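# Need a 3D model of the following:
(2 chains)
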Amino acid sequence: MAARAPSGTHDVLWPESTRWESLLALFAAHVERAGYGLAHTPIFEDVKVFRRGIGEGSDVVGKEMYEFEDRGGRTLALRPEGTAPMVRAFVQRRPPLPWKAWYATPAFRYERPQAGRYRQHHQLGLEALGPSDPDLDVEVISIADGIFRSLGLTAFGLRINSMGDDVCRPGYLDLLRAHLEERSDQLCAEHRGRLEANPLRALDCKRDECRAATADAPGLADHLCEPCRAHFDRVRQGLDAMGVPYQLDHRLVRGFDYYTRTTFEFASAALVSAQNGIGGGGRYDRLVEMLGGPPTPGIGIGIGIERLLLACDAEGVFPVDPVPLDAFVVDVVGGEAARDITAALHRAGLRADRAYDNRSMKAQLKAADRSGALMVLIVGPDEVAAGTVSLRSLRGAGDQRSVPIDGVADAVRASLGGTTLDPPDPSGNVVAPHPRKDHP
RNA sequence: GUGGCCGUAGCUCAGUUUGGUCAGAGCGCCGGGAUGUGGCCCCGGAGGUCGCGGGUUCGAACCCCGUCGGCCACCCCA
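This next block holds a predicted model:
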């Protein structure tokens, strides 16, 4: 059996990888202009980082973590999500507040693989620690909304809810529990068993039985304490002001225990599978304390790269668009010219590739055509004798002319007519880190 | 973790119902048509232990079991 990637993992090869680069660049442009800085933290952590924050009772911690013991007997876990490690880093390093950071990371969960669900997937995320200001919730949500829109996505929706806080949630849970207990015979077996520990979970159950039992259940958002209600109102007001459409969803209950107050989820309507959540997050005002830090509010969002790109595919936007080469060098007289000319073009800042193994001219020109290069430089016996190189366009009719070998780089640059290594659009409206050329 | 569907060339698939020239097609790749010119076209070629292992049979890609992998749903999440 040939070696293959573990179940639920996948390779991202060129040209698909160019979309990942472009997405990363777009994300960075959007968040860095709002003051978020990139942070790298270890891919694995002491398992307690996740147990304490995400919660022992959660599915992610309870049955999906890649947990292992290292040679020193420490119990570690591959990160199943991005927030807990970032908060751990904050607790340990104590950067000045407010601390706004972003990350790009793989995340690992031992689940049954499915379309849009992997054992190793990748997330782009934001965390903002310090302020409890609801305007920060609005900022995080609207940044994500702006990113999705600048990718070209339109078929997605935002649902928001409030989980309340330590003051109002216990009372609400009692209300909900009482409501559900009266109808416990209607609940599915799984959630009947969870009634005592976490009645909230029944709210987002998709089974018809539970749906019926929870249809007229009290909503958390209707039982918030005054500060939480004011916070939530301000968030909604802010989203309205920012022009970010949303739906209130009292069933939106996310699976991590650390959430307080605002929670939200973006879902793509273009994805037909059940895995249509492209981004989600919320406020976690107690998480820093849970991990041993001082009381510090925070909010964050995680965006799934794979699902986001699946959504782009489904909507036909943000296509794979590999960077074309400026020139491709064809050499049928031994390869020295190809070696030297290609290197000279690279030194001149041009993108150039060449053929190898002394293949036939036809084969080399086919390779040139396939490479996507804008032009081909041909060196054969005639050119060697004349001290020239034939520069032929690979676009359109294929006009060809001779240029002196000493001035090849200048000739290539001149016939490009424009610049080739432009920086991204400083306005921030980037769709790719590289300039895109029109292909006739 | 539970349930269902699936696994044939690099890719997308036909063939499995009725076990016996069933190892095929398109695309891609390589070469040639064009003794120096790509894309289109034409001709030719390479490439497959029919996921893997076991079983039934005179004979299995085709039937049975197991296993690995993929997909779909549940659960949960990105």
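# Tell me the pLDDT of the residue in chain A that RNA strand B sits nearest to.
Here the residue of chain A nearest RNA strand B is A:Gly255; by CB to the nearest atom of the strand that distance is 0.6 Å. In this view, the C-beta of every residue, glycine as well, is placed from N, C-alpha and C. At A:Gly255, the predicted lDDT confidence score is 81.
# how many neighbours does A:Thr42 have?
Just to correct that, residue A:42 is Pro rather than Thr. 14 (other CB atoms under 10 Å).
# Which of the helices or strands spans the nearest residue to it once chain neighbours are set aside?
Closest residue in space to A:Pro42, ignoring its immediate chain neighbours: A:Pro85 at 7.0 Å, by CB to CB, 6 or more residues apart in numbering. Under the criterion of DSSP states H and E, A:Pro85 resides in helix A:83-93.
# which outside residues touch that helix?
Applying CB atoms under 8 Å, 6 or more residues apart in numbering, the contact partners of helix A:83-93 are A:39, A:41-42, A:45, A:49-50, A:53-54, A:79, A:99, A:101, A:103, A:125, A:127, A:129, A:256, A:258, A:281, A:284, A:287-288, A:291-293, A:296, A:298, A:300, A:302.
# That helix: which residues count as buried?
Buried residues in helix A:83-93, counted by 16 or more other CB atoms under 10 Å: A:Thr83, A:Ala84, A:Pro85, A:Met86, A:Val87, A:Arg88, A:Ala89, A:Phe90, A:Val91.
# Taking helix A:83-93 as reference, get the angle to the very next helix or strand once past that helix.
Next along the chain after helix A:83-93, taking DSSP H and E as the criterion, comes strand A:99-108. Angle, strand A:99-108 to helix A:83-93, by axes from the mean of the first three to the mean of the last three CA atoms, to 10 degrees: 130 degrees.
# Just the CA atoms of strand A:99-108, as CSV, please.
C-alpha atoms of strand A:99-108 as CSV (Å, rounded to 0.1, in the frame of the first residue of the first chain):
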residue,chain,number,x,y,z
TRP,A,99,-4.4,43.2,23.4
LYS,A,100,-5.6,42.5,19.8
ALA,A,101,-4.1,39.6,18.1
TRP,A,102,-4.8,37.4,15.1
TYR,A,103,-3.6,33.9,14.2
ALA,A,104,-3.6,31.3,11.4
THR,A,105,-3.4,27.8,12.7
PRO,A,106,-4.3,24.2,12.1
ALA,A,107,-6.8,22.7,14.6
PHE,A,108,-7.2,19.1,15.4
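# Can you lay out the buried residues of helix A:83-93 as JSON lines showing pLDDT and distance to RNA strand B?
Below are the buried residues of helix A:83-93 laid out as JSON lines (pLDDT from 0 to 100; distance: CB to the nearest atom of the strand, whole Å):
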{"residue": "A:Thr83", "pLDDT": "96", "distance to RNA strand B": "8"}
{"residue": "A:Ala84", "pLDDT": "96", "distance to RNA strand B": "11"}
{"residue": "A:Pro85", "pLDDT": "97", "distance to RNA strand B": "13"}
{"residue": "A:Met86", "pLDDT": "97", "distance to RNA strand B": "13"}
{"residue": "A:Val87", "pLDDT": "97", "distance to RNA strand B": "14"}
{"residue": "A:Arg88", "pLDDT": "97", "distance to RNA strand B": "16"}
{"residue": "A:Ala89", "pLDDT": "97", "distance to RNA strand B": "18"}
{"residue": "A:Phe90", "pLDDT": "97", "distance to RNA strand B": "18"}
{"residue": "A:Val91", "pLDDT": "97", "distance to RNA strand B": "20"}
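# Now do the buried residues in stretch A:319-329.
For stretch A:319-329, by 16+ other CB under 10 Å, it's A:Asp321, A:Val323, A:Pro324, A:Leu325, A:Asp326, A:Ala327, A:Phe328, A:Val329.
# Measure how buried A:Tyr356 is and give me the count.
A:Tyr356 has 12 nearby residues by other CB under 10 Å.
# try A:His346
Look at A:His346: counted by other CB under 10 Å, it has 13 neighbours.
# Same question for A:Ser17.
Neighbour tally, A:Ser17, other CB under 10 Å: 13.
# A:Gly396 now?
7.
# helix/strand/coil for it?
coil (DSSP: H, G, I helix; E, B strand; the rest coil).
# helix or strand right after the helix or strand hosting A:Phe27?
Here A:Phe27 is covered by helix A:16-32, with elements defined by DSSP H and E. Heading C-terminal from helix A:16-32, the first helix or strand you meet, by DSSP H and E, is strand A:37-38.
# hmm, back to that, list the buried ones in the helix holding A:Phe27?
Neighbour counts over helix A:16-32 (16+ other CB under 10 Å) mark A:Thr18, A:Arg19, A:Ser22, A:Leu23, A:Ala25, A:Leu26, A:Phe27, A:Ala28, A:Ala29, A:His30, A:Val31 as buried.
# Format those residues as TSV; extra columns: pLDDT and distance to RNA strand B.
Converted to TSV, these look like this (pLDDT from 0 to 100; distance: CB to the nearest atom of the strand, whole Å):
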residue	pLDDT	distance to RNA strand B
A:Thr18	88	19
A:Arg19	90	16
A:Ser22	93	18
A:Leu23	95	13
A:Ala25	96	19
A:Leu26	97	16
A:Phe27	98	14
A:Ala28	98	18
A:Ala29	98	20
A:His30	98	17
A:Val31	98	16
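# Please convert the residues you listed to a markdown table, extending it with distance to A:Ala3.
As requested, the buried residues of helix A:16-32 are arranged in a markdown table below (distance: CB to CB, whole Å):
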| residue | distance to A:Ala3 |
| --- | --- |
| A:Thr18 | 26 |
| A:Arg19 | 26 |
| A:Ser22 | 30 |
| A:Leu23 | 29 |
| A:Ala25 | 32 |
| A:Leu26 | 34 |
| A:Phe27 | 33 |
| A:Ala28 | 34 |
| A:Ala29 | 38 |
| A:His30 | 38 |
| A:Val31 | 37 |
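# quick check, nearest of those residues to A:Asp137?
Taking CB to CB as the measure, A:Asp137 lies nearest A:Val31 of the buried residues of helix A:16-32, at 15.3 Å.
# show me the contacts for the closest one.
A:Trp102, A:Leu126, A:Ile143 are the contacts of A:Val31 under CB under 8 Å, 6+ apart.
# and the most far-flung residue of chain A relative to its centre, which of the three is it?
No residue in chain A sits farther from the centre than A:Ala385, which is 54.2 Å out by CA atoms, centre = their mean. Classification of A:Ala385 by three-state DSSP places it in helix.
# Dump the buried residues of stretch A:319-329 into CSV; add distance to A:Gly380, pLDDT and secondary structure as well.
Output for these, formatted as CSV (distance: CB to CB, whole Å; pLDDT from 0 to 100; DSSP: H, G, I helix; E, B strand; the rest coil):
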residue, distance to A:Gly380, pLDDT, secondary structure
A:Asp321, 33, 76, coil
A:Val323, 28, 73, coil
A:Pro324, 24, 80, coil
A:Leu325, 21, 92, coil
A:Asp326, 21, 95, coil
A:Ala327, 16, 95, strand
A:Phe328, 15, 96, strand
A:Val329, 12, 96, strand
